[in-house]
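> Predicted model and sequence follow; I will ask about them next.
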Amino acid sequence: LYKAMVRIVKAVRLDDLKPVDELSNHTSSAVDLRTVLNQIKTFWVQLSWPDVETSYVFISRIMDDVCKAIIFYAEKMCAKAEEQKRVGSDDSQFLHCSAEQCLAINNIDYVMTYINPFVCDLGIESILTKLEQQKGGLVADACRKTIRTLMKNS
């Protein structure tokens, strides 16, 4: 989590709040964060942890850290957009939503659209199915609820 947060701080600091290209509505920091998430997913898939119970514990921890990182990113993006607005505005534009603020919101949305596929790619359903076979439906349902809660809280 610490390394992800360091990368988020750097990505937001370097973000000029300009779209990455003319077809995009998000900026470089959103791409950077999705790259970080993709690296986490790739590491987990390559690890291919054999024990189901431990796999669930690890995935829960990964999801908790990912959700914290996304919330941290959202906070940093909002602060950056607000800072940009203060630098480039006067009091008459108090209710005006700047292009930078719109891009910051788009960045958060761009990252959030990655969460559901991210969870699926981690193989959580396969792990929960195996957990259900080994420990029963109540345990698997409780674990599903925990994962849903983690996702919802992000």
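Received the coordinates, thanks. Numbering: from 1, shown residues only.

> so who does the most centrally placed residue in the chain touch?
The centre of the chain sits closest to Ile70, judged by CA atoms, centre = their mean, with a distance of 3.9 Å. Listed by CB atoms under 8 Å, 6 or more residues apart in numbering, the contact partners of Ile70 are Leu33, Val111, Met112, Ile115, Ser154. C-beta coordinates here come from the backbone N, C-alpha and C atoms, glycine included.

> so the fourth one touches Leu150, yeah?
No. Applying CB atoms under 8 Å, one finds Ile115 not in contact with Leu150, separated by 9.7 Å.

> re earlier: remind me which helix or strand the residue nearest to the centre of the chain belongs to.
helix 52-87 (DSSP states H and E).

> and whichever helix or strand comes after that helix, which residues are buried?
Following helix 52-87 in sequence order, the next helix or strand is helix 99-112 (DSSP H and E). Residues of helix 99-112 classed as buried by neighbour count (16 or more other CB atoms under 10 Å): Glu100, Gln101, Leu103, Ala104, Ile105, Asn106, Asn107, Ile108, Tyr110, Val111.

> for helix 99-112, the distance to its chain's centre please.
13 Å (CA atoms, centre = their mean, to the nearest Å).

> What about His26, how many residues nearby?
Look at His26: counted by other CB atoms under 10 Å, it has 21 neighbours.

> Also the one 4 residues further on?
Around Ala30 there are 27 other residues, counting by other CB under 10 Å.

> I'd like the distance between it and Ile59.
For Ala30, the distance to Ile59 equals 24 Å [CB to CB, to the nearest Å].

> try Cys78
On the measure of CB to CB, Cys78 and Ile59 end up 28 Å apart.

> repeat for Thr113
Relative to Ile59, Thr113 is positioned 20 Å away (CB to CB).

> Which of those two has more residues huddled nearby?
More neighbours surround Ile59 than the other of Thr113 and Ile59, with 22 against 11 (other CB under 10 Å).

> Noted, bye for now.
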